[in-house]
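Q: Got a predicted structure here, sequence first:
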Amino acid sequence: MKAAIIGGGVIGGGWAARFLLNGWDVVVYDPDPEAERKIGEVLANARRALPALYDTALPFEGTLRFTADLAEACAGADWVQESVPERLDIKHRVHAELTALSPAEAVIGSSTSGFKPSELTAEGARVIVAHPFNPVYLLPLIELVGDTDHCARAATLLRDIGMYPLYVRKEIDAHIADRFLEAVWREALWLVKDGIATTEEIDEAIRMGFGLRWAQMGLFETYRVAGGEAGMKHFMAQFGPCLTWPWTKLMDVPEFTDELVDLIAGQSDAQSGHMSIRALERLRDDNLVGIMRALKHSGSGAGGVVARHEATLPKTTQPVTQDRQVPQIWTDYNGHMNEAHFLETGSKATDRFMEMVGADADYIAGGLSYFTVENHVRYLDEVHAGDRLRAETRLLSGEGKKLHLFHTLLRGDGTAVATVESLLLHVDLATRKSCLPGDAVARALAAMTKTLAGLPMPEGAGKVGR
Ligand SMILES: NC(=O)C1=CN([C@@H]2O[C@H](COP(=O)(O)OP(=O)(O)OC[C@H]3O[C@@H](n4cnc5c(N)ncnc54)[C@H](O)[C@@H]3O)[C@@H](O)[C@H]2O)C=CC1
Ligand SMILES: C[N+](C)(C)CC(=O)CC(=O)[O-]
């Protein structure tokens, strides 16, 4: 698959990284002589962040090219994404060329934050709104607005690269999400201008409270809970009258005078000027990865999107039971992967092995499973954030109620970095007592045992179950 990225600034760079890290070939067209350097830096941040959301490897990266020839960028593209500055005259000029140069079946998306499809297509261009959120390589939301068939094709491709397409049924300036951002932004400008709060105090008011709620429940679900046992109706009855009180300045906008711009920029420098933008991006990405991984556990919000995408990625096959990238959040104060995550990788390798022999989610839902009763971990070498890490699993014994596994954890360069030897007992989940496995699992283990018969024990094995 090929993506053409037209305009490779903050947003175009993020799109390029999202496509590339999902295995697409990417060609970037941007007249800025600095575009290649900037995209290289965005990509470096994306490489440490996006794969860290997943407990399995993403597809191999596609190729990245830069071109000064717009026709070459668009030729054979499956997706052409325009991310040039938010000016309608520039968008019109670029869209006319993209419509003429792109394959008829290609999606042509505009990253516009606020222009409506009727404005973008007024001069005959074939384009839809595909509005992303920064950083595009991590945040799944894309607002799609415009021709329904075109949007439907776009939605399918977006899901394949782990994104969440939200079809906006009725066009409106600034779509859905930016209307909220705009409301909050305008209120914040007044609070600074009127000397009520600094930029830092406003950020604390968001991140210490409602910002945490929004990521996992949005607005309406949060307020439903805030209504107590009586729910949404009680919430609306209690806070309905406030709608007529002066709790907002929404219809009134402060003018960007030099004085206000200097005040805000100065406060922002005092708040965050000690860090470079790239360092702030890495801090933001590490936090987003941590939050999204927590949400993945419960299947909520953006975490649910990652979990659903992960389920579509190719599964490992014997003897490989794990294949993933080491996330930043797995590293510790020594600058390498913390000991706990070697065992976590071994544990996930056991889960995958169980699946491979038929002790999968359906089997467990049927009331049978394995419990680990002993582990032995040997730490052989260091692993760092961003390293590829895989596990190869050898069945040592699978007779009766016992399952004895030996996982070798290998770094991307093939070096064995740890072994995790695990002893498990088959259990009946109703009685919580050990019992023999079901026939299909017993047969799969017996067949595997036969294949492995006569092989020597792996080096370092035999430390548990004695
Ligand atoms: N920055 C943000 O937070 C978000 C921006 N957007 C939208 O994305 C679009 C791009 O915004 P940013 O990336 O922030 O701007 P930017 O200023 O970072 O990047 C724009 C890029 O377009 C290039 N460019 C200018 N004319 C061009 C042309 N004729 N052909 C190809 N490239 C050209 C520039 O050299 C520059 O690299 C806008 O429509 C904006 O509303 C959408 C979501 C969030
Ligand atoms: C400020 N903004 C209007 C450019 C914001 C967006 O369009 C989306 C985002 O990433 O916040």
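A: Thanks, I have the structure now. Ligands and ions are numbered 1, 2, ... in the order given.

Q: If I look at P458, what pLDDT would I see?
A: P458 is assigned a predicted lDDT (pLDDT) of 92.

Q: ok, it to E339 distance?
A: Look at P458 and E339: by C-beta to C-beta, to the nearest Å, they are 21 Å apart. C-beta coordinates here come from the backbone N, C-alpha and C atoms, glycine included.

Q: Who has more neighbours out of these two?
A: P458 (16 against 13; other C-beta atoms under 10 Å).

Q: Assign the more buried one to helix, strand or coil.
A: At P458 the chain is in coil, as set by DSSP: H, G, I helix; E, B strand; the rest coil.

Q: so it makes contact with R394?
A: Yes: judged on C-beta atoms under 8 Å, P458 makes contact with R394 at a distance of 5.5 Å.

Q: any residues in contact with both of these two?
A: 406, 408 (C-beta atoms under 8 Å, 6 or more residues apart in numbering).

Q: need the contact list for the residue in the chain positioned nearest to ligand 1.
A: The minimum distance from the chain to ligand 1, using C-beta to the nearest ligand atom, falls at G9 (1.9 Å). Under the criterion of C-beta under 8 Å, 6+ apart, the neighbours of G9 are 30, 32, 35, 38, 83.

Q: which non-adjacent residue is nearest G62?
A: Spatial nearest neighbour of G62, excluding adjacent residues (C-beta to C-beta, 6 or more residues apart in numbering): D25 at 4.2 Å.

Q: Please report the distance of the one you found from ligand 2.
A: 25 Å (C-beta to the nearest ligand atom, to the nearest Å).

Q: Pull the number of nearby residues for that residue.
A: 18.

Q: again, but for E399
A: Residues near E399, counting by other C-beta under 10 Å: 11.

Q: mind checking the SS state of it?
A: Going by three-state DSSP: E399 is coil.

Q: Could I get the contacting residues of the closest residue to Y29 other than its chain neighbours?
A: Leaving aside its sequence neighbours, Y29 sits nearest to A73 (C-beta to C-beta, 6+ apart; 4.1 Å). A73 sits next to 4-6, 27-29, 67, 80 when contact means C-beta under 8 Å, 6+ apart.

Q: Which pLDDT value goes with the residue of the stretch 1-150 of the chain found nearest ligand 2?
A: Nearest residue of the stretch 1-150 of the chain to ligand 2 (C-beta to the nearest ligand atom) works out as S113 at 3.3 Å. Listed pLDDT for S113 reads 97.

Q: tell me the contacts of it?
A: 86, 131, 174-175, 178.

Q: Likewise for V320?
A: 390-393.

Q: ok so, going back, can you read off the backbone torsions of the residue of the chain closest to ligand 1?
A: phi -90, psi -140 (degrees, to the nearest 10).

Q: now swap in K91 and tell me
A: phi -60, psi -50.

Q: give the contact list for it.
A: 82, 84, 110, 112, 115, 120.

Q: I'd like to know how far V261 sits from D203.
A: 18 Å.

Q: Tell me the backbone dihedrals of S300, please.
A: phi -80, psi 150.

Q: Could you check how far it is from ligand 2?
A: 20 Å.

Q: most neighbours, which of the contacts of G9?
A: In these, the most neighbours by other C-beta under 10 Å go to S83, 26 neighbours.

Q: can I assume that one is in contact with R18?
A: No: applying C-beta under 8 Å as the test, S83 and R18 come out as separate, 11.8 Å apart.

Q: so where's the longest helix in this protein?
A: The longest helix of the chain (DSSP state H) is helix 277-298.

Q: quick one: whatever helix or strand comes next after it to helix 277-298, angle?
A: Next along the chain after helix 277-298, taking DSSP states H and E as the criterion, comes helix 301-312. Orientation check (axes from the mean of the first three to the mean of the last three C-alpha atoms, to 10 degrees): helix 301-312 against helix 277-298 gives 70 degrees.

Q: Give me the distance from helix 301-312 to the chain's centre.
A: Relative to its chain's centre, helix 301-312 lies at 8 Å (C-alpha atoms, centre = their mean, to the nearest Å).

Q: Now do the helix or strand harbouring D262: everything it contacts.
A: Here D262, judged by DSSP H and E, is contained in helix 258-272. With C-beta under 8 Å, 6+ apart as the test, helix 258-272 has contacts from 189, 192-193, 198-200, 203, 254, 280.

Q: go again using 7 Å as the cut-off
A: Helix 258-272 is contacted from outside by 192-193, 198-200, 254, 280, using C-beta atoms under 7 Å, 6 or more residues apart in numbering.
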